[in-house]
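Asker: need a 3D model of the following:
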Amino acid sequence: MRFSFSFLLIFFTLFNQAYPQWYWEHPVPQGNHLSELSFNGSSSIGFAVGDYGVILRSDNSGENWELMDSVTTENLTSVFRTENRAFIVGDNGIMLKTDDLESWYQTESFTHYKLYSVFFSDDDHGYAVGYQGTILKTNSGGEFWQYILSGTPFTLYSVHFANPDIGIIVGDSGTILRTTDAGLNWSQTGTFTNPLFDVFFPSDSIGYIAGKDGLILRSNDSGINWTDVSSPFIKTDLYSVHFYNDTIGYIAGSNGIVIHTYDGGGLWQLDTTLTTLSFQSVHQFYHDTTSDTVIICGEFGVIQKKNTLSNFVNISGGSHETFGSVIFLPDSSGIAIGGYPFNDECTLYRTTKPGGPWTEIFFDSLPCYPTDISFPTDSLGYISSKNGRVYKSTDAGNSWNRIRTDVISDLYAVCFPDSAHGFAAGMDGLLIKTTTIDTLWNLVETGTTNSLFALYFFDKQNGYAVGENGTVLRVKNSGSNISSVNSGTSASLYDIFFPTDTLGFICGYDGKIFKIKPYFGSDSLFPVNSGVTVPLNKIWFPNPDTGYIAGEVGTILKTTDGGNTWYPQYTGTSNSLRGIYFFNGNKGVVVGAGLTVLSTENGGGSVILPGIPDLSPADQNITLYPNPATRIVTLEFLTAPFASAEIEIIDLTGKLMKTLQSAVNSGRRHKISVDLSELDPGIYLLMVETASTRITKKLVITSR
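Answerer: Residues are numbered from 1 along each chain as shown. Below is the predicted model of the structure:
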């Protein structure tokens, strides 16, 4: 078998896409949005799925959750657990299956449409629905799926069966489809117009539907007719419904709404969740006169549970708050600040060491939303916030006290180049400074009304401010001399960082990156191609060659050539990233929306190289599992159009590590088990060559 360097490039790219080198420190186990959770009967084993291929497993009815190895990075929308198996669907027609509730592998759905819901009446008979009226049916435990004509162009969001023959599908524009022949034929029923998001039947005859603007429907005749049983007080979108029996059930939706009924929808009562996050899924385990056992999940990985008739309590993840800045002190302790700017909530978390855990610290003295943090010494620190407030700590952040600034406009940045000199910048071109006595702040005339978002000072005399509408200001003589630098852009600029005294970088809206070179007479800005169009929020250079930028939609850019070229890294999240800190070229932390904290020990892994083609369609014919693997990996051919295959495993240097020949059951599903016991943990390239094709797969071997 022969291979080329291009195959290695493909492998590096795919490895980074499937296995991020940024890991969740907070929330634990992860903070991506969760779409659905599923348990089977009285079994304590359940699953939750969400964005970026997230699969969580609980072995104790949702009290604790662990992140499972996934075989995809697609967003996962629905999971259904049967007695012995579980099934997952999601974006681009992705379908996953487990036969042992331990490891997952991909099956072929024969569609690229997004699938929103999956349901199985037993281990073998199941249904999946999705975009543009897609209905799929299987009688083989998900091994083969048949396309069923739906008769509607509308997206279908949920499917549920009252019994093996009678099923209901709901979707956009009030779509309700009903079958009485186990899903072979479907007919429209109902005259509703609101999008309908979920349907559930606790028995053969009784069913419930949840939809947009608080719509709740009930059927008493197996879905033939539907009656509006909505609460007059709930007008938010309702995404999930689950009933313990015909009359007792829960519905969850947007803005933290969870409601329950004990009389089949005659009266709905509001539950307390203490959050405004949207809940996408609800499951009720149990009910008696003294307790309800219910679990819910949703945005930013939130999982909450109630075990009594009282309030829900947080189990994992989930917050509408955002970390905006993070810093580490010489004793290795870290501080992350942020909150919820729309109601001035303040959040401050601390960790005693890199790697977490992170613990929330409550300060009555910090009532306003904090925006930036600066520590000029080991123990002396400052926080800027809304409403012109600055807070000071003299004990390494263990306590904070407000200091007087005599301004009321929002402050977005604070920078103390030394313990006696500080600057803060904010709304409408506001810049204030303090010298010697930090309780005395003086206004600095900036010559602009554009808001200033970031500061960088070399010393007490010289620095820069950047902000709204492409504003770049050079500050000299402690603010006595301020000049505007032409940026050549109207895009807002969010951060500035100088890895050396003679070269700096600015990032901002629409993926903007600029080099800035200070000269004696004037400054020069040079645009740098970022390769992205998302807003870029923070820059950090641990050394002159290596730099990182954090941005929206989970973006992290990296440079290893002093900022001349930037490439994206795979982070495994789409959460907004707002703050960044690196200890050295490889070890760093980013923070962001949902109180996200991600860390890396190896510089975030390799960059995702541009211009590298994806795997050939032939590769979609095989599945490699488990991956990562320990001692044995299975290579499964969905349909093998060949009689034999040669398999080689190659390390990242190109060295051939293992080879074997295998006869293949031509034209049928076929599995090959490969012994990995002689190979060290690491990253490998597994290549399969047949008479007609060559297939390349990534393989990760973990510690045994």
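Asker: how close does residue 131 get to residue 54?
Answerer: Using C-beta to C-beta, to the nearest Å, one gets 21 Å for the distance from residue 131 to residue 54. From N, CA and C alone the C-beta is placed, and that goes for glycine too.
Asker: sorry, slip of the keys, the one I care about is residue 121.
Answerer: Using C-beta to C-beta, residue 121 is found at 26 Å from residue 54.
Asker: neighbour count for these two, which is higher?
Answerer: residue 54 (25 against 18; other C-beta atoms under 10 Å).
Asker: with adjacent residues omitted, what lies nearest to the more buried one?
Answerer: The shortest distance from residue 54 to any non-neighbouring residue, by C-beta to C-beta, 6 or more residues apart in numbering, is to residue 32 (5.0 Å).
Asker: check which helix or strand that neighbour maps to.
Answerer: For residue 32, there is no enclosing helix or strand under DSSP states H and E.
Asker: cool, the one 3 residues further on as well?
Answerer: Counting by DSSP H and E, the element that carries residue 35 is strand 34-39.
Asker: next secondary structure element downstream of that strand?
Answerer: strand 46-50.
Asker: can you dump the C-alpha atoms of that next one in PDB for me?
Answerer: Output of strand 46-50 as PDB, limited to C-alpha atoms (Å, rounded to 0.1, in the frame of the first residue of the first chain):
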ATOM      1  CA  GLY A  46     -30.100   7.400  30.400                       C
ATOM      2  CA  PHE A  47     -28.600   9.600  27.700                       C
ATOM      3  CA  ALA A  48     -28.600  13.300  26.800                       C
ATOM      4  CA  VAL A  49     -27.500  14.700  23.400                       C
ATOM      5  CA  GLY A  50     -26.600  18.100  22.100                       C
END
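Asker: tell me the pLDDT at the residue nearest to residue 625 when sequence neighbours are not counted?
Answerer: Distance criterion C-beta to C-beta, 6+ apart; nearest residue to residue 625, sequence neighbours excluded, is residue 105 at 4.1 Å. Looking at residue 105, its pLDDT is 92.
Asker: which residues touch residue 105?
Answerer: Listed by C-beta atoms under 8 Å, 6 or more residues apart in numbering, the contact set of residue 105 reads 71, 96-98, 623, 625, 636.
Asker: what does residue 545 show for phi and psi?
Answerer: Main-chain torsions, residue 545, degrees, to the nearest 10: phi -90, psi -30.
Asker: what count of nearby residues applies to it?
Answerer: There are 14 residues near residue 545, going by other C-beta under 10 Å.
Asker: is it true that it touches residue 561?
Answerer: Yes. Counting by C-beta atoms under 8 Å, residue 545 does reach residue 561; the two are 6.5 Å apart.
Asker: from the chain's centre, how far out does stretch 407-423 sit?
Answerer: 33 Å (C-alpha atoms, centre = their mean, to the nearest Å).
Asker: where in this protein is pLDDT low?
Answerer: Within the chain, the stretches with pLDDT under 70 are 1-20, 365-366, 520-521, 606-621, 638-643, 652-654, 663-669, 691-694, 703-704.
Asker: residue 478 in helix, strand or coil?
Answerer: Three-state call for residue 478 (DSSP: H, G, I helix; E, B strand; the rest coil): helix.
Asker: check contacts around residue 261.
Answerer: Going by C-beta under 8 Å, 6+ apart, residue 261 touches 247-249, 267-269.
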